[in-house]
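**Q** can you look at this prediction? I've put the sequence above it.
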Amino acid sequence: MPIDLKRPSTWPALWVRLGLLLVLISALVVVCFVMVAPAGEAVRWGMMGGAASLVTAVGAMVFTLSLTRRIRIIARGARRFASGDLRHRIGASPVVELSHLTDALNQMAGQLNDQLTLMRTRQAEQEAIFQSMQLGVVAIDAELQVLNINRVAQQMLGARQASAKGGRLTDVVEHPALLRFAADVVAEQGETVREFELPTEDDDEPRVMRATAGRLRDAAGGPVGWVLLLSDITELRKLESMRSDFAANASHELKTPITNIKGYVETLLDGAMEEPERAREFLTIVARNADRLGAIIDDMLALTTLEREDEQEQLVKQATPVFGAVQAVCAHLRPEAEAKSMRLEVIKPAMPLWAMINQRLAEQALANLITNAIKYSPAQTTVRIETTGALLPDGRDAVEISIADQGPGIPEDQMDRIFERFYRVDKARSRQAGGTGLGLAIVKHIMRVHGGTVDVESPAGGGSTFRIRFPAASPVET
């Protein structure tokens, strides 16, 4: 075997050869002494030389074996480092040169382990941030291979694989609109922002998604793919639609009384003022339309105020005995009911019930519901108002107020819409009764700012029961 001082694996052979050389030198020295020494001394020197040669050979062998074992230990440690076990440490060596080598290897392994730990920590932090993003994020390369995808994107797209990372985008999702967008982005054709609809599993209204694409670059700034940011804008589109509908409906509702007022005023100016009876009739109609216009504006302002208080959380609530508020509202509305020969039947609860409410708004919600019951129920019927204990959908204790009338009822296909602004089941009848179309929308907002609920039941035979529930509160001692 050739000896290479730069290769530790050849050192054992070097030491063996040095040991053999020492043995040969010792033997030659002994032979020389034997040849020149007298006979008696020759024997003695021969024995001493043999002993020295033996000791030298044994010493060289022991040293060689020890050195070989140490080198093998270092080699095994280096292999463990190479396999990724950077926490392993090679034991110290009594040989100074090998000890330096061992220290250098251990130090190198420690530094590599620290760097890898830091890299893994940073990678875990980045992955946690990536997975916690509220936007859906999909990273793809030029071949539409998924480089990474977060949980939100998987939920939005209904990814077919538990772990979509590494698969082709066409194998991960099955939405043609998104796949076309991704293909256009990779081909650098078309816009980098697109909106499209995704069908839902339960066949409800499709969700509206907005996808935005951007270049994905490496640390050196070179392009490696594309990032698709996905946001669910379904609720935003609904709000925009509601705002548009509200503007259109508000314009229509305001225009109707204004048109009536303008028409009758023009009639009066054209000569009807000369006829007292007709003039009085027209002025009465003008006053009624002005009152209606004022009521619509008041309700619109009330809705705006409720929304602002809800956003700013400025609503002041306190523990209040609910039945007292019910009695106050019924006392105020009883004359209106008696004018139609109707009766308000108020059921007193078995025990005092307290709720956390803003009394002014709670009474307004109750008044709106009772007023509707009086307006839309036939004469000589009864409106039943009952206060009981109940539960909110989240399991919290609540106080429920139910208002049951004997009116025409509400068609089942319209019950989900009656709390929308300006929505009416019977538009002509509602205007004739003086309704603004905002009363139930105000009730819904009042219950929302209270953290309560409102719902309605209307059996096929007629009659409706509205229920409002306020979060319960502990009684306050006075």
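**A** Ah, there it is. Residues are numbered from 1 along each chain as shown.
**Q** domain assignment for the chain?
**A** Here the domain parsing of the chain from automatic domain parsing is 8-109, 133-232, 237-313, 315-478.
**Q** out of the ones you listed, deepest packed?
**A** Mean neighbours per residue, mean count of other CB atoms under 10 Å, is largest over those for domain 315-478, with a mean of 17. C-betas here are computed from N, CA, C, even on glycine.
**Q** any idea how far that domain is from the chain center?
**A** Computed by CA atoms, centre = their mean, to the nearest Å, the chain-centroid distance of domain 315-478 equals 35 Å.
**Q** could you give the mean pLDDT of stretch 127-140?
**A** Model confidence over stretch 127-140, given as mean pLDDT, is 78.
**Q** what about that stretch, start to end distance?
**A** End-to-end distance of stretch 127-140 (CA to CA, to the nearest Å): 16 Å.
**Q** who's in contact with it?
**A** 146-157, 169, 182, 186, 216, 225-231 (CB atoms under 8 Å, 6 or more residues apart in numbering).
**Q** and the domains of the chain, which one is worst for confidence?
**A** domain 8-109 (a mean of 65).
**Q** strands along the stretch 101-250 of the chain, start to end?
**A** Along the stretch 101-250 of the chain, counting by DSSP state E, counting those that start in this stretch, strands occupy 136-140, 146-149, 193-198, 207-217, 223-232.
**Q** how much space separates the residue lying closest to residue 473 once chain neighbours are set aside from residue 270?
**A** In space, residue 473 comes closest to residue 319 once its chain neighbours are excluded; the distance is 3.8 Å by CB to CB, 6 or more residues apart in numbering. Residue 319 sits 60 Å away from residue 270, going by CB to CB, to the nearest Å.
**Q** quick check on the spatially most central residue of the chain: phi, psi?
**A** By CA atoms, centre = their mean, the chain has its centre lying nearest to residue 134, at 4.9 Å. Backbone geometry at residue 134, expressed as degrees, to the nearest 10, gives phi -80, psi -20.
**Q** would you agree residue 359 is in contact with residue 320?
**A** Yes - using CB atoms under 8 Å, residue 359 is in contact with residue 320, at 5.4 Å.
**Q** sorry, back to before: so which of the strands of the stretch 101-250 of the chain is nearest residue 375?
**A** In terms of CB to CB, the element of these nearest to residue 375 is strand 207-217, at 38.2 Å.
**Q** run through who's touching the closest one.
**A** Identification of contacts with strand 207-217 by CB under 8 Å, 6+ apart yields 139, 147, 156, 178, 181-182, 185, 192-198, 200, 223-234, 236-237.
**Q** element containing the residue nearest to residue 265 when sequence neighbours are not counted, please.
**A** Nearest non-adjacent residue to residue 265, counting by CB to CB, 6+ apart: residue 286, 6.5 Å away. In the assignment (DSSP states H and E), residue 286 maps to helix 276-312.
**Q** next structured bit after the helix or strand harbouring residue 330?
**A** Element membership for residue 330, per DSSP H and E: helix 322-338. Going down the chain from helix 322-338, the next helix or strand is strand 343-347, by DSSP H and E.
**Q** helices or strands next to that following strand in the packing?
**A** Counting contacts by 3 or more CB pairs under 8 Å, 6 or more residues apart in numbering; DSSP states H and E, strand 343-347 packs against helix 322-338, strand 382-391.
**Q** who touches the shortest one?
**A** The list of residues contacting strand 382-391 from outside it, by CB under 8 Å, 6+ apart, reads 322-323, 326, 330, 337, 342-349, 353, 370, 373-374, 377, 397-406, 469, 472.
**Q** one step back: dump the strands of the stretch 101-250 of the chain to JSON lines, plus distance to residue 282.
**A** Converted to JSON lines, the strands of the stretch 101-250 of the chain look like this (distance: least, CB to CB, whole Å):
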{"stretch": "strand 136-140", "distance to residue 282": "62"}
{"stretch": "strand 146-149", "distance to residue 282": "70"}
{"stretch": "strand 193-198", "distance to residue 282": "52"}
{"stretch": "strand 207-217", "distance to residue 282": "50"}
{"stretch": "strand 223-232", "distance to residue 282": "54"}
